[in-house]
Structure formats: structure tokens, C-alpha cells
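[1] Could you work out the structure for the sequence below:
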Amino acid sequence: MKAVAQAQLMAATDPNEALKVLESIDLKKAPMVVQDEVRAQRALPTCATIASAKRASSRRHAARPQPQPKAKAFYAAIMAESFARTGKADEAKKLLDTYNDADPAFGEVRSILLRAQVFTYFQLKKRGLAKRAMDTLAEIEPGMLAAFTIKGTNPEIIALARQTLLRPALREG
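    Down below sits the predicted model:
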């Protein structure tokens, strides 16, 4: 757990080093909870750069079956976003189609599902669906839109995020 915490702190300043720390953890010796946390952290876009995500296989990021709906949705959203960002948008959509982002059982995970939808729908060239997902995300968690404006993100996604952030209704709320 110490290495996982260290990697989380490093991810903000040096994602490549954080990924190295995570990859150094021997998953065979770690408890199941730690294994899933490491797999999830490896898949997070803030930790796994696009280059490292491309070389990673879906088996490497696959989380073990989770008994809680929120945990399942959380890991599915992380995997789907990773797939979408690495050119596997069809796989991402299949994964996201198994979750209804409006289901109250998902609670705070809903915003992560919506974020994955934005990236997935943009890759599939379904701009209307991407905009709808971003609008819904802006309504429930406007702070997450800033993450779409970072360097390296698709310029169309950046423009949509900025447009959404500048909407009068969002600024008044």
C-alpha cells in the first residue's frame, strides 16, 4: 500500500515515474484489494501516459470481479477511458453500454462513467453523444471539465469543454 500511495503522489508531477513504481509491485504477492488498486491506478490517464497505455494489454488492466456495483462501474469507466484514448473505442463502448450512468446505485462514480463516455463518443465520431455526456457531467460535477483542457487532449474535446465551462447557466450556479 505504501508504494501505491507513493505512486499516487508522484502521478501529478511525474506520471512515468509513478507508473514505474506501480509496475515494480509484485501482484502475485499482494492482497486482492491491492492488486485491483494497482491495476486501476495503472489504467488512470493521470498515471498511465498514452505511450504506456498503448503498450499495455487489456489483460494487464483487467480488474478482478467486484461484488459492489460502484466498484465494478469505477473500474469499467477507467478501462473504457483507457481503451478510448488508445484507439479501442469500440471496446470502450461495449464496456460502457453495460452501465447506465443515471443509475443511482453508482452515485459518485457516475461522473467517471460520463468522462469515459466523452472520450469514447469522440473517438467514435458521435459528437452529439459526447456533448450530451459532457453537459450532464457539467451539471453534476463541473470541476471535472477542467481535466478535459489539459495538453495532449483532442483539440475538439478541449473546445467543447471550454464552451461548456463558459455557458451562462454553469457560471451562475
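[2] Does anything pack onto the host helix or strand of residue 79? Which helices or strands?
    According to DSSP states H and E, residue 79 maps onto helix 69-85. Packing partners of helix 69-85 (3 or more CB pairs under 8 Å, 6 or more residues apart in numbering; DSSP states H and E): helix 32-43, helix 50-55, helix 58-61, helix 89-96, helix 110-123. Where you see a C-beta, it was placed from the backbone N, CA and C, and this is true even at glycine.
[3] Between these, which one is closest to residue 162.
    Comparison of the helices and strands packed on helix 69-85 against residue 162 by CB to CB identifies helix 110-123 as nearest, at 13.5 Å.
[4] picking that back up, could the helices and strands packed on helix 69-85 go into CSV alongside distance to residue 14 and mean neighbour count?
    Output for those, formatted as CSV (distance: least, CB to CB, whole Å; neighbours: other CB atoms under 10 Å):
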stretch, distance to residue 14, mean neighbour count
helix 32-43, 14, 18
helix 50-55, 13, 14
helix 58-61, 21, 13
helix 89-96, 27, 20
helix 110-123, 23, 24
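[5] Let's have those helices in CSV, adding distance to residue 130 and mean pLDDT.
    Shown next, in CSV, are those (distance: least, CB to CB, whole Å; pLDDT from 0 to 100):
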stretch, distance to residue 130, mean pLDDT
helix 32-43, 21, 70
helix 50-55, 19, 43
helix 58-61, 23, 49
helix 89-96, 11, 92
helix 110-123, 4, 92
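[6] Could you dump those into CSV and include distance to residue 22?
    Shown next, in CSV, are those (distance: least, CB to CB, whole Å):
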stretch, distance to residue 22
helix 32-43, 5
helix 50-55, 10
helix 58-61, 11
helix 89-96, 22
helix 110-123, 19
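[7] Quick check: which of those is nearest to residue 164?
    helix 110-123 (10.1 Å).
[8] which helices and strands does the following helix or strand past the closest one pack with?
    Sequence-wise, the next helix or strand downstream of helix 110-123 (DSSP H and E) is helix 127-140. In this structure, helix 127-140 packs against helix 110-123, helix 155-165, with contacts taken as 3+ CB pairs under 8 Å, 6+ apart.
[9] Noted, bye for now.
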